[in-house]
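Q: Build me a model:
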Amino acid sequence: MNDVHELFHSVHQLARQMTKALNDALQPFDIYSSQWTVLFLLKTKGSMTQKEISDYLAIEAPPITRTVQKLVANGYVRQVKGMDKRTKRIELTEKALEKYPEWEKAVLQMNQELIQPLTSASKEQLLLLISDWNQQLTIRGKEFE
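A: A predicted model of the protein is given here:
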């Protein structure tokens, strides 16, 4: 590809469209994509510190703090003392665990609608390309820490 700018512009546009679609799918539940990302992470990985969430998602601390505060206010997560009393772990509440299947169903339906036009081979190729690129960027990011 001769125009690297075009590639990155397309990736950014795709990310924006996917975020908008996710926000639309979650709108009936009064949840935004940034909140869903944290909820999904906690559901799949278990309780984490805010630092661990921030590092895993490659998002700076202030936006994660705001997102966690909103989720606490909505009763979806709680902060509990970790083994080290100086750290707090974030975990899903019973309320979140009850509602999670509804949220996940809406997200999975939206994902299916977005990916539907692609062939199985295209989906596999896309997953390999994105996974490899993401891994390379993660390694590169660790070199600069």
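Q: Tell me who's in contact with the residue nearest to the spatial centre of the chain.
A: Closest to where the C-alpha atoms of the chain average out (CA atoms, centre = their mean) is residue 37, at 2.9 Å. Residues counted as contacts of residue 37 (CB atoms under 8 Å, 6 or more residues apart in numbering) are residue 57. C-betas here are computed from N, CA, C, even on glycine.
Q: can you pull the pLDDT of it?
A: Reading off the confidence values, residue 37 has pLDDT 97.
Q: element containing it?
A: Element membership of residue 37, judged by DSSP states H and E, is helix 33-45.
Q: Each with direction, which strands does the following helix or strand past that helix pair with?
A: Per DSSP H and E, the first helix or strand lying C-terminal to helix 33-45 is strand 48-49. Paired neighbours of strand 48-49 in the sheet (DSSP bridges): strand 88-92 (antiparallel).
Q: mind checking how far the following helix or strand past the strand it pairs with is from the chain centre?
A: Counting by DSSP H and E, the next helix or strand C-terminal to strand 88-92 is helix 94-115. Relative to its parent chain, helix 94-115 has a centroid offset of 13 Å by CA atoms, centre = their mean, to the nearest Å.
Q: now what about whatever helix or strand comes next after helix 94-115, what contacts it?
A: Going down the chain from helix 94-115, the next helix or strand is helix 120-143, by DSSP H and E. By CB under 8 Å, 6+ apart, the residues outside helix 120-143 that reach it are 58, 115, 118.
Q: Could you report the pLDDT at the second one?
A: So the one you mean is residue 115. On the pLDDT scale, residue 115 gets 95.
Q: Quick one: low-confidence residue ranges for the chain.
A: Residue ranges of the chain with pLDDT under 70: 1-2, 142-145.
Q: List the contacts of residue 114.
A: Counted by CB under 8 Å, 6+ apart, residue 114 has contacts 18, 21.
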